[in-house]
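In: just the structure for this:
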Amino acid sequence: MTNIPLLAGIEAGGTKFVLAVGHAPDAITARHVIPTRTPAETLAEASAWFAAQGAIAAMGIASFGPVALDRASPRWGHITNTPKPGWADCDLAGHFARSLGVPVGFDTDVNGAALAEARMGAGRDAGSLAYVTIGTGVGGGLILDGQLVHGAAHPEMGHMLPRRPANDADFPGICPHHGDCLEGLVCGPAIIARWGQPLSGLPADHPGHAIIADYLGQLCHTLIATTAVEIIVLGGGVMNTPGLIDRVRARTDTLGNAYFPGTGRHRILPPALADNSGITGALLLAQAAAR
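Out: You can find the predicted model right below:
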């Protein structure tokens, strides 16, 4: 162990916290995973692990949400109205600022992954990138001109309202807020709710493959139409379904109908950093906080 202070990162998820330290976002020296339990248990265990790693210069947190990102707000760094029991109003950033005595960078988990893929992954040669994860839920982060997009809050791409095709008009969706928004139709639990198993478990000729590809193609079409984004990275467990990303590309091309001025420059890709996008993004947030 050296005496050079470390960057510390947390990818905070609803089922697990990924912890890491390193001298740079691409130079992780130690990594640890703990289950997400109550805030008191989880944060105490994480703090103890970081305290044992040596001198830390800064912390970066890429968290499940919704979260408060307005630095002028007294709730900055908090998880807000999450449905995860016990975690609403948790002061995540404040806890580590106090327990470790370091500056903290804070953003959503998908914004962290977007940042990592833009700087060090699939979008490192582009100026704009959207990262969307399709798993237990659907979330997305957006980089334009090299900067994360923050507005009144953070983007909620999973809650756009897609067109419903005639062969999928009856399923009500599972989102407790919007029913048949994108998340309510294509997340892993939605797929199981309607067809009884994950998308990857359905036969190759099952109509579910085309239905899910259509909805994700609509998402990509909307991102291209509204932001002209160059790279769309699609991650998460649902995207591990063989052939799905090719179906999404084809559907996006069909919907675009060769109209957009940037046709040919828009690419739909898997994460180049694989499962490390989120934790690498957290360490990039720490690096920025250290500066």
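
In: wasn't residue 234 part of a strand?
Out: Yes. Using DSSP: H, G, I helix; E, B strand; the rest coil, the assignment for residue 234 is a strand.

In: could you find the closest non-adjacent residue to residue 247?
Out: residue 213 (3.5 Å; CB to CB, 6 or more residues apart in numbering). Placement of C-beta: from N, CA and C, glycine included.

In: you'd agree that neighbour is in a helix?
Out: Yes. According to three-state DSSP, residue 213 belongs to a helix.

In: for residue 271, grab the count of nearby residues.
Out: Neighbour count of residue 271, defined by other CB atoms under 10 Å: 21.

In: which residues touch the residue nearest to residue 247?
Out: The contact partners of residue 213, by CB atoms under 8 Å, 6 or more residues apart in numbering, come to 244, 247, 248, 250, 251.

In: right, and the helix or strand after the worst-scoring helix or strand of the chain on mean pLDDT?
Out: Each helix and strand of the chain was given a mean pLDDT (mean pLDDT, DSSP states H and E); the minimum falls on strand 147-148 at a mean of 91. Counting by DSSP states H and E, the next helix or strand C-terminal to strand 147-148 is helix 182-186.

In: contacts for that following helix next, please.
Out: Outside helix 182-186, the residues within contact range by CB under 8 Å, 6+ apart are 134, 137-138, 157-162, 168, 171, 173-175, 178, 190, 212, 215-216, 218-219, 238.

In: mean confidence for it?
Out: The average pLDDT within helix 182-186 is 97.

In: next secondary structure after that helix?
Out: Following helix 182-186 in sequence, per DSSP H and E, is helix 188-195.

In: for that following helix, what is the distance to the chain centroid?
Out: On the basis of CA atoms, centre = their mean, to the nearest Å, helix 188-195 sits 20 Å off its chain's mean C-alpha point.

In: output it as PDB, nothing but the C-alphas.
Out: Output in PDB follows, covering the C-alpha atoms of helix 188-195 (Å, rounded to 0.1, in the frame of the first residue of the first chain):
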ATOM      1  CA  GLY A 188     -37.200  -7.700 -16.600                       C
ATOM      2  CA  PRO A 189     -40.100  -8.000 -14.200                       C
ATOM      3  CA  ALA A 190     -42.500  -6.700 -16.900                       C
ATOM      4  CA  ILE A 191     -41.300  -9.400 -19.400                       C
ATOM      5  CA  ILE A 192     -41.700 -12.100 -16.700                       C
ATOM      6  CA  ALA A 193     -45.200 -10.800 -15.800                       C
ATOM      7  CA  ARG A 194     -46.500 -11.100 -19.300                       C
ATOM      8  CA  TRP A 195     -44.700 -14.200 -20.600                       C
END
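
In: which parts of that helix are buried?
Out: Using 16 or more other CB atoms under 10 Å as the burial criterion, the residues of helix 188-195 that qualify are 188, 190, 191, 194, 195.

In: of these, closest to residue 285?
Out: Distance to residue 285 across these (CB to CB) is lowest for residue 188, with 26.7 Å.

In: the closest one reaches residue 237, doesn't it?
Out: Yes. Here residue 188 lies in contact with residue 237, judged by CB atoms under 8 Å, at a distance of 5.8 Å.

In: and the pLDDT for the residue nearest to residue 247?
Out: Looking at residue 213, its pLDDT reads 98.

In: shaky segments in the stretch 101-250 of the chain?
Out: The stretch 101-250 of the chain contains no residues with pLDDT under 70.

In: let's see 80
Out: Applying pLDDT under 80 to the stretch 101-250 of the chain picks out residues 151-153.

In: please enumerate the helices of the chain.
Out: In the chain, helices defined by DSSP state H lie at 39-51, 92-100, 109-120, 182-186, 188-195, 207-227, 244-256, 277-290, listed in chain order.

In: give me the mean pLDDT for the first one.
Out: The reference is to helix 39-51. For helix 39-51, mean pLDDT is 97.

In: alpha carbons of it, as CSV, please.
Out: Presented in CSV, the C-alpha positions along helix 39-51 are these (Å, rounded to 0.1, in the frame of the first residue of the first chain):
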residue,chain,number,x,y,z
PRO,A,39,-29.3,2.3,5.3
ALA,A,40,-27.7,2.0,8.8
GLU,A,41,-26.3,-1.5,8.1
THR,A,42,-25.2,-0.8,4.6
LEU,A,43,-23.5,2.5,5.1
ALA,A,44,-21.8,1.4,8.3
GLU,A,45,-20.3,-1.6,6.5
ALA,A,46,-19.2,0.5,3.5
SER,A,47,-17.6,3.1,5.7
ALA,A,48,-15.7,0.5,7.7
TRP,A,49,-14.3,-1.0,4.5
PHE,A,50,-13.2,2.3,3.1
ALA,A,51,-11.6,3.3,6.4
